[in-house]
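# Return a 3D structure for these sequence lines:
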Amino acid sequence: MTGPLDRLLRPAPVAADPALLAALARASAGFARLDQATTGHPLLPALLHRSRLEAVRRQAAVDGQLIDPWQLAALLEGLRPRRLGEARSIAEAGDVFEAGRMALTLHRWLTTPDFDEEGQVREALDVLRSNQPSGVALLDAAAGVWGWLDQGGARPPLRAALVRTWTATRLLRAPLPLTGAAALRPEVAWQPESWIPVMLQALADEAEATLGLLGELERGWLAARSAVAGRRRHSRAPAAIDLLAATPLLSATTLAGALGMAIKNALALLEQLVGLGVVVEVTGRSARRLFGLRGLAPLARAVAPPRRPEPGRGRGRPRQIPVEDVAPVGEGAIAPFGSLVRQRFDYDELEEAMAAIDATIRRTRHALQTLAEDQAPSTVAPTHRGDIAPPVASDPIGVDPDRDSPHAE
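I've put the predicted structure just below:
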């Protein structure tokens, strides 16, 4: 079987490139130390959470997007990132939103891919399993990654497949996200003889960084245990510290259920630990409060505070401004308007016009009435229309002058 390793591995591995062997030895030692340290470790859940945040940050960086891992942690817990509220424009808010969306997508690939994504991950996993020319798991995995990418394969399913490859080959017993993201930087040469050693060095760097992160979590755990040492034998503070160390974020309800105590007492215990400085509250709200060890202080700073009403302001109403806060009218300002003087208008011409209209209406009604009577059947001989006499002023012809004319007497 021919592949990218043929130019690196000559008839025997001992004749391979020295840079390749050095990178392989360093990566193998890093994987071995990390596996030994994490197997059965009580802080493994917290390490998985923190290492996935760092893995997403590294992957997004080489994909062209800068992501704050603590912003991703806030989004995973359903909290509102502070950067979204501090955006100074719609474009900046859009960039923050896009970064958060990309971070959640990358995190989902590593933890819980959906149905379609799972199919792509298994396809990449089959490619990695079928490409084993040397029998060395790390070396074959690096060569498989190069072959997948060289054929135009996508990066996210490949990274998820790599995590499963480490556990399937027993290089790691925990699904730690070591994906060699730094090997995909634009400046790295793509020839297999140059790229595969870089990939192995990137995996070694990530293994050492994850081991250092575990040491950081251990130091925070031991410091918190020391802060609550010397208490009575039945104190539940040490057990609460252990749960907080193993769980990234914890609520009073979860702590009460795990320790078998009342929620009110669990909340009081957490607040007491916050006062000692070993625990931080990352939500800053009155309901559904989440707590973590002091190492999660950056998360508390990345979470936007809850929106609370301003003092003196009711719900949905504008802010009340005291009377003394209103600035007085200074010199040169427009003087206040006085009362308007009503002007007297002359309605004589309007009244004359209305009287003329009323007279025309009366004459028209009289003519129509006379015409109707002439056309009605009668024994009297009809008269000529030209013989019709003009209406007599004393004959109102059914018109009330007092109503139709304001000048009728």
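# can you pull the contacts of residue 153?
124, 127 (CB atoms under 8 Å, 6 or more residues apart in numbering). From N, CA and C alone the C-beta is placed, and that goes for glycine too.
# how close does it sit to residue 374?
Remark: distance between residue 153 and residue 374 (CB to CB, to the nearest Å) = 105 Å.
# okay, now the nearest residue to residue 210 once chain neighbours are set aside: neighbour count?
When the adjacent residues along the chain are set aside, residue 210 lies closest to residue 51, with 5.1 Å between them (CB to CB, 6 or more residues apart in numbering). Taking other CB atoms under 10 Å as the neighbour definition, residue 51 ends up with a count of 23.
# what does the one 10 residues further on give?
Residue crowding around residue 61 was assessed by other CB under 10 Å; the count is 15.
# Check residue 52 too.
Residue 52 has 22 neighbouring residues, counting by other CB under 10 Å.
# Report all helices and strands that whichever helix or strand it is part of contacts.
Under the criterion DSSP states H and E, the helix or strand holding residue 52 is helix 44-62. Using 3 or more CB pairs under 8 Å, 6 or more residues apart in numbering; DSSP states H and E, the elements in contact with helix 44-62 are helix 69-76, helix 90-111, helix 155-168, helix 192-227, helix 237-246.
# switch the cut-off to 10 Å
Under the contact criterion of 3 or more CB pairs under 10 Å, 6 or more residues apart in numbering; DSSP states H and E, helix 44-62 touches helix 18-38, helix 69-76, helix 90-111, helix 155-168, helix 192-227, helix 237-246.
# tell me which residues of it are tucked away?
44, 46-60, 62 (16 or more other CB atoms under 10 Å).
# what about that helix, average pLDDT?
Confidence over helix 44-62 (mean pLDDT, whole number) is 92.
# try stretch 236-256
Across stretch 236-256, the average pLDDT comes to 85.
# Distance across that stretch, terminal residue to terminal residue?
Distance between the boundary residues of stretch 236-256 (CA to CA, to the nearest Å) amounts to 11 Å.
# quick one: buried residues of that stretch?
Going by neighbour count (16+ other CB under 10 Å), the buried part of stretch 236-256 is 236-237, 240-242, 244-252, 254-256.
# And the residue nearest the centre of the chain, how far from residue 71?
Among the residues of the chain, the smallest C-alpha distance to the mean C-alpha position (CA atoms, centre = their mean) belongs to residue 97, namely 5.7 Å. Shown here: residue 97 relative to residue 71, a distance of 11 Å by CB to CB.
# Residue 40 belongs to a helix, doesn't it?
No. Counting by DSSP: H, G, I helix; E, B strand; the rest coil, residue 40 is not part of a helix but coil.
# if we can go back for a sec, report the contact partners of the residue nearest to residue 210.
Contacts here follow CB atoms under 10 Å, 6 or more residues apart in numbering; on that basis residue 51 touches 34, 38, 110, 174-178, 206, 209-210, 213-214.
# make it 8 Å
When contacts are counted by CB under 8 Å, 6+ apart, residue 51 is found next to 176-177, 210, 213.
# Go through those and name the one nearest residue 124.
residue 177 (14.9 Å; CB to CB).
# my read is that closest one is in a strand, agree?
No. Membership of residue 177 in a strand is not supported by three-state DSSP, which gives coil.
# Tell me the spacing between it and residue 27.
In this view, residue 177 and residue 27 are 15 Å apart by CB to CB.
# before we move on, what about residue 45?
With distances defined as CB to CB, the gap from residue 45 to residue 27 amounts to 25 Å.
# What of residue 269?
Applying CB to CB, the value for residue 269 to residue 27 is 44 Å.
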